[in-house]
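[1] Mind looking at a prediction? Sequence and model below.
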Amino acid sequence: MPATGRIKYQRNSRPLYQAYLRVSNRAFMSLCVLFTVVILGVLALVMLYLLSKGFSHISLDFFTQVEIAEGMEGSPGGMAHALVGTGILIALASAVGIPLGMLAGIYLSEYSSNSWLGAPTRFIADVLSGVPSIVVGILGYELLVVPTGNANGFAGAMALAFIMIPIVARTTEEMLRLVPGSYREASIALGATKARTILKVVLPAASGSVITGIMLAVARVAGETAPLLFTAGASRLMTLDPREPFPSLTVAVFQFATGPFRDQQELAWAGIVILIVLIFIINLTIRFAVHRLQAKRFATA
Amino acid sequence: MAGLARMGAVSILMMLAALLVVLSIAAWPSIEEYGLKFLVSTDWRPNELNVPMKDAAGRVIIEDGEVVMETIPPSFGALPVIYGTAVSSLLALLIAVPLSFGAALFLVRLCPRRLIGSISFLVEFLAAIPSIAYGMWGLFVLGPVMQNYIEPGLHAALSWIPGVNAWLFEDTVRRGSTVVTSEIPLTGSDMFTGGVVLAIMILPIITAISRDVLKNVPRAQIEGTLALGATWWQSSWEMLRYSRSALFGAVMLGLARASGETMAITMVIGNNNQINPSLFAPAQTMSSLLANEFAEASTEIHRAALCEVALILLIMSLLFNVVARWLVVGKGSRTAAAF
């Protein structure tokens, strides 16, 4: 900000101009405070409403019963099938997404320095994590549902893995980069191969923060609805077979919430709260883990 | 190990290629049939339509006392959903950007040190709340509030301004020479509610990223302005100016998020494939169209048209993201990758 021949901030000392400066300064400062309060207030309103509404509809049935159709005895039942379904979907997605994502992250951090592959992969991973998740659902539909002829849990899990991979890759890369080069040099000087160095020295040194990144990715896909709509589909039954249409918490919540029945809408509120609490716990754990790690790790390096 | 790791990296490149190739192939029947007209046509009609056949003068043809019918093939045009996506996202940005920048300035320059940690955590946690939660809140809480209080209030407050009533609160239909004007029913499921819900959802993201960006303004820059006699606000303004390209990147990330957002918007926007200049009429975005129709699409051409919409959505979000990352990366934004 060069002062180009004119006085930029205090143009003159006339009382009127000084008063203008004072008032505008005060006004904008208050505006910043006000905006923060508005943001936190609105978001607190949303959260409190969701939580208070949801907690009042959580019952034992929610966790133990499957959905019972409207008009049948015991309706609306619970969401046990959806909870189990989401659990299995996340487990399957993690089984594919975490190893692939970590491998990509290891490549980006440890192997890409002399390769043309590094920069584009890094950039595309960033861009992919911003692709609308419903588009990923349509890709999953075309590749995994059309050939088999029906919605299936496997397709849903793959769609979730698709979303996980770029996130896991980028966080793994960033965490591995924090490990000081001297660790790697020491290991190689002792005669270890590069692969052994990565597996036995670099990864263990960064394990805590890599796990944090993985949990972040899990929290992200646990709340995804759009990619499951056309891939896993929806099911009212408890099922463990990923070749069948598969229930999930988020899709069930969506269907209940937009459906006409009041008691199902109440189940949806309870389902949302379970999701939010899950994500809150993951976030809180990450926060404390990160603080501890930052304090301890590499303090001497 | 090197080979395996390289495979992981290559798989990321393959993922992007798969998205583009598979969607292009799936959309091909529609691209072939409608070409560029797809982007400018406002007609979205998945089913065949039986209408009375008309002669050159526009009169209905009657033969043997029966109206002669003809069948119009289905037709697909994406303009209404492109319009819906653009308007709802811009509305969201209009609300969210000033609020977020203000809050980011507060967090960087005013916030008492004790509070920074908890407020930052809250903001980041709120960015992680799934969109279906915001959707439920929008559907059951914000929608009724809009319908019963805010929209009637806006109607009462604004309709005296010339033109506003016709623009926002009335529908004008021309049938031949007669013009029928009707009041738009205020339902709370409309473009306005959609924009507000999107704004609430992108607030935490834009706030978090612009906070990181502003934090990285060099101290010397700030102190320089203060030494020249700048007030707090003048030096804040210089901070915003100094990091304007990265802040623009943050806005683009918010735009990318808002335009691709699906569940929440599907639940509140009213789902009507028509362009209506009023913000209080139900609308449709690209993603809500996909969420509503893709599972029920029974004909090949309908599915292909939906895939073309998905392809447009994908390319648009890639563009936004490329621009945003290009501007934010290297400005030291830790959170950019996480969102």
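    Looks like it came in fine.
[2] Could I get the full set of helices for chain A?
    Remark: helices assigned in chain A by DSSP state H are A:15-55, A:60-64, A:80-106, A:118-128, A:133-140, A:153-177, A:181-189, A:194-197, A:203-222, A:226-229, A:249-258, A:262-296.
[3] B:Asn216 is nearest to which of these?
    helix A:153-177 (16.6 Å; C-beta to C-beta). (Each C-beta comes from the backbone N, C-alpha and C, glycine too.)
[4] Give the other helices and strands that that closest one contacts.
    helix A:80-106, helix A:118-128, helix A:133-140, helix A:203-222, helix A:226-229, helix B:2-34 (3 or more C-beta pairs under 8 Å, 6 or more residues apart in numbering or on different chains; DSSP states H and E).
[5] how many neighbours does the closest residue to B:Val60 other than its chain neighbours have?
    Nearest non-adjacent residue to B:Val60, counting by C-beta to C-beta, 6 or more residues apart in numbering or on different chains: B:Pro52, 4.6 Å away. Per other C-beta atoms under 10 Å in any protein chain shown, the neighbour tally for B:Pro52 reads 12.
[6] neighbours around residue 147, how many?
    Since no chain was named, I'll use chain A. 8.
[7] try again with chain B
    Using other C-beta under 10 Å, B:Gln147 has 18 other residues around it.
[8] cool, and A:Pro260?
    7.
[9] what's the answer for A:Leu48, then?
    10.
[10] if I read this right, B:Asn50 contacts B:Met69, doesn't it?
    Yes - the pair formed by B:Asn50 and B:Met69 meets the contact definition of C-beta atoms under 8 Å, at 5.0 Å.
[11] and B:Trp160, what element?
    Here B:Trp160, judged by DSSP states H and E, is contained in no helix and no strand.
[12] Can you report phi and psi for it?
    phi -70, psi -20 (degrees, to the nearest 10).
[13] quick one on the thing from earlier: I'd like the helices and strands packed on helix A:153-177 as a markdown table, with mean pLDDT appended.
    Output for these, formatted as a markdown table (pLDDT from 0 to 100):
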| stretch | mean pLDDT |
| --- | --- |
| helix A:80-106 | 94 |
| helix A:118-128 | 91 |
| helix A:133-140 | 95 |
| helix A:203-222 | 88 |
| helix A:226-229 | 94 |
| helix B:2-34 | 93 |
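[14] Can I get these in TSV including distance to A:Ile165?
    What follows is the helices and strands packed on helix A:153-177, written out as TSV (distance: least, C-beta to C-beta, whole Å):
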stretch	distance to A:Ile165
helix A:80-106	4
helix A:118-128	8
helix A:133-140	11
helix A:203-222	9
helix A:226-229	13
helix B:2-34	7
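[15] Output those helices as CSV; include the columns mean neighbour count.
    Output for the helices and strands packed on helix A:153-177, formatted as CSV (neighbours: other C-beta atoms under 10 Å in any protein chain shown):
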stretch, mean neighbour count
helix A:80-106, 22
helix A:118-128, 20
helix A:133-140, 28
helix A:203-222, 20
helix A:226-229, 30
helix B:2-34, 17
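[16] nearest to A:Ile286, of those?
    The nearest among the helices and strands packed on helix A:153-177, by C-beta to C-beta, is helix A:203-222 at 5.0 Å.
[17] Is chain B within reach of that closest one?
    Yes - using C-beta under 8 Å from any C-beta of the partner chain, helix A:203-222 reaches chain B at A:216, A:219-220, A:222.
[18] Just give me the closest of these to B:Val323.
    Using C-beta to C-beta, A:Arg220 is the member of the residues of helix A:203-222 next to chain B that sits closest to B:Val323, with 22.8 Å.
[19] wait, doesn't that closest one sit right on B:Ala128?
    Yes - the criterion here is C-beta under 8 Å, and A:Arg220 meets it with B:Ala128 at 7.1 Å.
[20] one step back: name whatever forms a beta bridge with the residue nearest to B:Val60.
    B:Met69 (DSSP bridges).
[21] and it, what does it touch?
    Neighbouring residues of B:Pro52 by C-beta atoms under 8 Å, 6 or more residues apart in numbering or on different chains: B:60-61, B:67-70.
[22] Among those residues, which one sits closest to B:Ser245?
    B:Glu70 (56.4 Å).
[23] do you know how far the closest one is from B:Asp55?
    B:Glu70 sits 12 Å away from B:Asp55, going by C-beta to C-beta, to the nearest Å.
[24] With A:Arg122 instead?
    64 Å.
[25] Can you tell me how far the residue nearest to B:Val60 is from chain A?
    36 Å (C-beta to the nearest C-beta, to the nearest Å).
[26] Against B:Trp44, how distant is that residue?
    Distance from B:Pro52 to B:Trp44, by C-beta to C-beta: 22 Å.
[27] can you check B:Ser75 too?
    For B:Ser75, the distance to B:Trp44 - C-beta to C-beta - is 8 Å.
[28] re the thing from before, and of the helices and strands packed on helix A:153-177, who's closest to A:Glu70?
    Nearest to A:Glu70, of the helices and strands packed on helix A:153-177 and by C-beta to C-beta, is helix A:80-106 at 16.3 Å.
[29] Now do that closest one against helix A:262-296, angle only.
    30 degrees (axes from the mean of the first three to the mean of the last three C-alpha atoms, to 10 degrees).
[30] And the lowest mean pLDDT element among the helices and strands of chain A?
    Using mean pLDDT, DSSP states H and E, helix A:262-296 stands out as the lowest-scoring helix or strand of chain A, at a mean of 82.
[31] how far off helix A:15-55 does that one point, in degrees?
    120 degrees.
[32] for helix A:262-296, which positions count as buried?
    A:264-276, A:278-280, A:282-283, A:286-287, A:293 (16 or more other C-beta atoms under 10 Å in any protein chain shown).
[33] What about chain B: which of the residues you listed touch it?
    Okay, of the buried residues of helix A:262-296 touching chain B (C-beta under 8 Å from any C-beta), that's A:265, A:268-269, A:272, A:275-276, A:279-280, A:283, A:287.
[34] Please produce TSV containing the contacts of B:Pro52, extended by pLDDT and neighbour count.
    Output for those, formatted as TSV (pLDDT from 0 to 100; neighbours: other C-beta atoms under 10 Å in any protein chain shown):
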residue	pLDDT	neighbour count
B:Val60	79	12
B:Ile61	79	13
B:Val67	80	11
B:Val68	81	13
B:Met69	82	12
B:Glu70	81	11
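[35] And the residues you listed, which is closest to B:Glu183?
    Nearest to B:Glu183 among the contacts of B:Pro52, with distances taken as C-beta to C-beta, is B:Val60, at 30.7 Å.
[36] What's the local residue count around the residue of the stretch 201-339 of chain B found nearest chain A?
    With C-beta to the nearest C-beta as the measure, B:Gly260 is the residue of the stretch 201-339 of chain B nearest to chain A, at 2.8 Å. Neighbourhood size, B:Gly260 [other C-beta under 10 Å]: 26.
[37] Let me see the contact set for it.
    So B:Gly260 contacts A:130-135, B:287, B:313, B:317 (C-beta under 8 Å, 6+ apart).
[38] Tell me the pLDDT of it.
    B:Gly260 is assigned a predicted lDDT (pLDDT) of 91.
[39] Where does pLDDT dip in the stretch 151-300 of chain B?
    Along the stretch 151-300 of chain B, segments meeting pLDDT under 70 are nowhere present.
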